[in-house]
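> Give the three-dimensional model of this entry:
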Amino acid sequence: MAYANRRQMSSNRTASIIVVALLHIVLGYALVTGLAYNVIKNAASDLKTFDVTEPPPPPEEKPPPEKKPDTPPPPQVVAPPPLVRTNIIAPQIQTVSVAPPPVITPTARPAPPAPPAPPPPVKRESARAKGSLIGLFSSEDYPTSSLSANEQGTTAVQLTIGTDGRVSGCNITSSSGSSALDNATCNILKRRARFSPAMDSNGQPTSDTYSQRITWKVPAE
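Okay, here's the model as predicted:
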């Protein structure tokens, strides 16, 4: 029995708590909605409306009238007086015949004298090649084989001189009796001899021949 009473009391207590909570919720809602209504009402009362009117535009200023320059009136045009025709007698023209001037025929001028003929070319005498062979040979040029064999003698040669004055050919016209001495003679003359070239009748260099005799002697000890 006591257990049933206790259970009934707890259920009544729970119901009362629920009722109290619902009352709080209703009161809070009413309070919030009431305050919001008062705020909106006050704000609506404070809001004032008024009409905005635009100011009238300023009157347009008219430009001042343009001043026309004072121009004088154009001059009057006066027509010229009418032409009066008069009978003018034309003067008589007399023709006078004039004799034509005499025709002067130009006389032919004499032809200028012909230029003198150029003088004939001066023929020059041909010149032979000139040169000297002195000092071209020395004891050092003596062939060793000829010294050992005690060979000596005279070699006669005929040289061919070119247009540049150099020896272009050597011909043995008379032998010394030693081929070594003859060969040494031509070799030395080709290397060392220099001539003035020969000249023809027109003054141009030309080839020529030159003859010479070279004597070889064994140097004394």
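> And the helices in the chain, which stretches?
2-46, 144-148, 179-192 (DSSP state H).
> Residue 211 versus the residue nearest to residue 146 when sequence neighbours are not counted, what's the distance?
Sequence neighbours aside, residue 180 is the residue nearest to residue 146 in space, at 4.8 Å (criterion: Cβ to Cβ, 6 or more residues apart in numbering). Backbone N, C-alpha and C define where each C-beta goes, glycine included. Counting by Cβ to Cβ, to the nearest Å, the gap from residue 180 to residue 211 is 22 Å.
> what residues are up against residue 124?
199, 201, 202, 203 (Cβ atoms under 8 Å, 6 or more residues apart in numbering).
> got any ranges where the chain has weak pLDDT?
Where the chain drops to pLDDT under 70, the residues are 1-11, 30, 32, 34-99, 101-108, 121-123, 221.
> any idea how it splits into domains?
Under the assignment automatic domain parsing, the domains of the chain span 1-43, 130-216.
> all strands for this protein, in order.
Along the chain, the stretches classed as strands by DSSP state E are 130-131, 153-161, 167-174, 195-196, 198-199, 205-206, 208-216.
> Switch these over to CSV; also include distance to residue 28 and mean neighbour count.
What follows is the strands of the chain, written out as CSV (distance: least, Cβ to Cβ, whole Å; neighbours: other Cβ atoms under 10 Å):
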stretch, distance to residue 28, mean neighbour count
strand 130-131, 155, 14
strand 153-161, 153, 19
strand 167-174, 149, 15
strand 195-196, 153, 17
strand 198-199, 154, 20
strand 205-206, 149, 16
strand 208-216, 157, 16
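> Distance to residue 145 added to those, as CSV?
Listed next are the strands of the chain as CSV, based on distance: least, Cβ to Cβ, whole Å:
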stretch, distance to residue 145
strand 130-131, 29
strand 153-161, 14
strand 167-174, 18
strand 195-196, 30
strand 198-199, 36
strand 205-206, 39
strand 208-216, 12
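> Which one, of those, ends up nearest to residue 138?
Of all the strands of the chain, strand 208-216 sits nearest to residue 138, with 11.7 Å by Cβ to Cβ.
> same for the closest one, what does it pack against?
In terms of contacts (3 or more Cβ pairs under 8 Å, 6 or more residues apart in numbering; DSSP states H and E), strand 208-216 is packed against strand 153-161, helix 179-192.
> Which among these is found nearest to residue 25?
helix 179-192 (149.0 Å).
> what's in contact with that closest one?
So helix 179-192 is contacted by 133, 136-137, 141-143, 145-146, 151-153, 155, 157, 159, 167, 170, 172, 175-176, 212, 214, 216 (Cβ under 8 Å, 6+ apart).
> Mean neighbour count, the domains of the chain: which tops it?
Most buried of these by mean neighbour count (mean count of other Cβ atoms under 10 Å) is domain 130-216; its value is a mean of 15.
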